[in-house]
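Student: Give me a model of this one.
(chains A, B and C)
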Amino acid sequence: MEITHQKRRYTNRVITLLTDFGYRDGFVGSMKGVILGINPGAQIVDISHEVQPQNIDEAGFILFSTYNHFPEGTIHVAVVDPGVGSPRKIIAVKTRNYIFLSPDNGLLKYIFFREKNCRVFEVTNRIFFLNRVSSTFHGRDIFAPVSAHLSLGTNINEIGKKTRNFIKPEIEKPSVEENRISGAIIHIDHFGNLITNISTNELRNFKRKNNTIINAGNIRIDGIKRSYSSVEENKPVALFSSSNLLEISINQGNAHKNLKLEVGDKIELTFE
Amino acid sequence: MEITHQKRRYTNRVITLLTDFGYRDGFVGSMKGVILGINPGAQIVDISHEVQPQNIDEAGFILFSTYNHFPEGTIHVAVVDPGVGSPRKIIAVKTRNYIFLSPDNGLLKYIFFREKNCRVFEVTNRIFFLNRVSSTFHGRDIFAPVSAHLSLGTNINEIGKKTRNFIKPEIEKPSVEENRISGAIIHIDHFGNLITNISTNELRNFKRKNNTIINAGNIRIDGIKRSYSSVEENKPVALFSSSNLLEISINQGNAHKNLKLEVGDKIELTFE
Amino acid sequence: MEITHQKRRYTNRVITLLTDFGYRDGFVGSMKGVILGINPGAQIVDISHEVQPQNIDEAGFILFSTYNHFPEGTIHVAVVDPGVGSPRKIIAVKTRNYIFLSPDNGLLKYIFFREKNCRVFEVTNRIFFLNRVSSTFHGRDIFAPVSAHLSLGTNINEIGKKTRNFIKPEIEKPSVEENRISGAIIHIDHFGNLITNISTNELRNFKRKNNTIINAGNIRIDGIKRSYSSVEENKPVALFSSSNLLEISINQGNAHKNLKLEVGDKIELTFE
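Tutor: The predicted structure is shown next:
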């Protein structure tokens, strides 16, 4: 009875895919074919395949804003991999609830930042790879079959040895002064909303939040609101996004197009 | 025996997703993660996530042309939601074969128009929401978990109270005169086909359909044909679409680009 | 016991979809709805829906580069169908491991080329179609239900009669001379990589592969490398793609944009 239950749990496991492969070619389809050939019961979910080609930071942010809404045991596969075929490592990271598979290129920086206990393994055991590994498509030849074997219950330490030697970029945090927080735009979403690296944490110590002034480029916004519709249509608004990060938007409009702000641009909060 | 059967039916249920969230961010992935966390056996199908941002009418049409091809019991989740975070309602609508979840903003107008017995409930029971509901992403925090609970067999009247107070826009119907039908283009599809609001119903009473003249902009088309290939390549053709609506196309070409007609443009049929 | 196993195998079967329908309308969703209505356990995988409208060759290549990564028994449905509604046939093709469904328009040319024993059937048995077949959307009305019935175990010869009368275009093969191979670009992928029709087979008989010179347009590349990162960033590189075809790329860049080469452009290899 218990075995049956355990089997069900494993074979049903969710595998998410996040890549810069696009939807036009069959790249993502090939990965899914390989996974289903190994675990026919895997639940495969696309997170995104429209990461800008080779934009590791963008993939990292999308994963950060998504991963912890998946059920315990989910295997997150993130392949933005400009170094494919070079001697760069592939890592498997075990956190409390999830396993992450990614090239060792900093894509997982937000995971390392937010998750307390990350155990990192180097993916080296060729038993779990396709027989023939190309030098241009490890998504299909390594990531897909390894994730499928993990979803069937293969222990992460069978995949390769634990390592302390991996790339772990610093997160650029906002600077907090007595009366001022300085941050930057780190992501622009499909609606043109400008997501910053300023979270509710940074604001916790400021008492007069209602009198916050937000400055970004030529724009000045008064106060942090609760929802887009707290301001009139086509007016800019600052609020906390669904990932708890300060976001600049235009109610029913596109802040990116209208305010001409880009990823990396500075944003400053002052409290009056 | 019966219980088993019923269980299978429920846990296997199809949940469709239709949004303007795009494929680039992890918005849709987050919704799926939440659903699978509640019902690991849910069959999730994307209808579209490329609705133009905040274009409620477009979402309504896409849902209309799709929904009744799904198996009985399917839960259709449609989130184009410019009013997210405002006091706008969320409604659950029970028809003979389906349940629909949508913001109360008119998105379901074609469903109300076509389905005879719609029972409408206001979605209010926070037991079925995520613990923490953001003010910007109800797709993830309300729609996803509510749909998952419904797919597990939760009765719709546990979700909230029945209501008669909801937005039900009029469908703009074509005007039918003695020898003339006047309608409008209501959708342009991926191939550039121009879909109108003139259905086979309007034509039922006209006897000499073969001599129909279709006028739209500067274009005059003679007769309603059976298929694209009823005319030569690159020639315009009028026919009934797969949704039984009159459609203007160009055989192996793009009518939208070539004929310079847009959503809202008038179209007129006369019978000689 | 055996019956149970067989049943599981069938009801779980993978059905892949490859079309030019795009992701904006509900076309693909409708197909999935029809499939799940017939076989609720079908595993549906999207290969691509962003084939350029009516580009049969592009669809053929994407299918070629993808199909054999799927588990045995997979049913591949490929619908790029400019002749929909005309008297063109629909064919079902049985190979050793797979079944293919496609309009009879040459889309499967690479399958006929690579697979030794193709048995071709004309899809005619209306029992397996939707009751009402439109003249514009056979993807939903014929391909989807037929694939679902095949996935449930319906024998391919119940779908229609075996035929020898179908379209089988020649594959344009590279010309191989004593010291020279002349081929062409046949696909450009999402990253702008230029895929040619020159495979490892053509090179097998040339001894001094290391001194290969690749000429395409104004570009000259020395040698075939193992991976993108074998050259410096932003430099062109020739290598064998994940489909074993010679590919011209730019390390961490876009060869299509930078080298101004298109599908159909010639490429020449000489050996010094």
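Student: What is the burial count for A:Arg204?
Tutor: By the criterion of other C-beta atoms under 10 Å in any protein chain shown, A:Arg204 has 8 neighbours. Using the backbone N, CA and C atoms, a C-beta is placed for each residue, glycine as well.
Student: To clarify, my last question referred to A:Lys266.
Tutor: Around A:Lys266 there are 14 residues (other C-beta under 10 Å).
Student: in the stretch 1-150 of chain A, what residue is nearest chain C?
Tutor: Residue of the stretch 1-150 of chain A nearest chain C, by C-beta to the nearest C-beta: A:Gly85 (2.5 Å).
Student: C:Ile198 versus that residue, what's the distance?
Tutor: 20 Å (C-beta to C-beta, to the nearest Å).
Student: Looking at those two, which one has more neighbours?
Tutor: C:Ile198 (27 against 19).
Student: can the helix or strand containing the more buried one be found next to chain A?
Tutor: Counting by DSSP states H and E, the element that carries C:Ile198 is strand C:194-199. No: counting by C-beta under 8 Å from any C-beta of the partner chain, no contacts exist between strand C:194-199 and chain A, the nearest distance being 9.5 Å.
Student: Can you list the buried residues in the helix or strand just after that strand?
Tutor: Using DSSP H and E, the next helix or strand after strand C:194-199 towards the C-terminus is helix C:200-203. Of all the residues in helix C:200-203, those buried under the rule 16 or more other C-beta atoms under 10 Å in any protein chain shown are C:202-203.
Student: Report the distance from helix C:200-203 to the chain centre.
Tutor: For helix C:200-203, the gap between its own C-alpha mean and the chain's C-alpha mean amounts to 20 Å (C-alpha atoms, centre = their mean, to the nearest Å).
Student: hey, C-alpha coordinates of the helix or strand following that helix in PDB?
Tutor: Once the chain leaves helix C:200-203, the next helix or strand it forms, by DSSP H and E, is strand C:212-216. The C-alpha trace of strand C:212-216 is given here as PDB (Å, rounded to 0.1, in the frame of the first residue of the first chain):
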ATOM      1  CA  THR C 212      37.400  22.300 -44.300                       C
ATOM      2  CA  ILE C 213      36.700  25.800 -45.700                       C
ATOM      3  CA  ILE C 214      33.000  26.800 -45.500                       C
ATOM      4  CA  ASN C 215      31.800  29.500 -47.900                       C
ATOM      5  CA  ALA C 216      28.400  31.100 -47.700                       C
END
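Student: Can you list the neighbours in contact with strand C:212-216?
Tutor: With contact meaning C-beta atoms under 8 Å, 6 or more residues apart in numbering or on different chains, strand C:212-216 is reached by C:185, C:194, C:203, C:206, C:220-224, C:238, C:246, C:248, C:259, C:261, C:265-272.
Student: all strands for the stretch 1-150 of chain A, in order.
Tutor: Secondary structure of the stretch 1-150 of chain A, counting by DSSP state E, counting those that start in this stretch: strands at A:14-19, A:43-48, A:75-79, A:90-94, A:99-103, A:119-122.
Student: Point out the other elements, helices or strands, that the first one touches.
Tutor: Packing contacts for strand A:14-19, counted by 3 or more C-beta pairs under 8 Å, 6 or more residues apart in numbering or on different chains; DSSP states H and E, involve helix A:27-38, strand A:43-48, helix A:56-64, strand A:75-79, helix A:144-151, helix B:27-38.
Student: and if you look at the last one?
Tutor: Using 3+ C-beta pairs under 8 Å, 6+ apart as the contact definition, the elements that strand A:119-122 packs against are strand A:90-94, helix A:156-159.
Student: which one of the ones you listed is the most hemmed in?
Tutor: Per residue and on average, the most neighbours among the helices and strands packed on strand A:119-122 fall to strand A:90-94, with a mean of 22 (mean count of other C-beta atoms under 10 Å in any protein chain shown).
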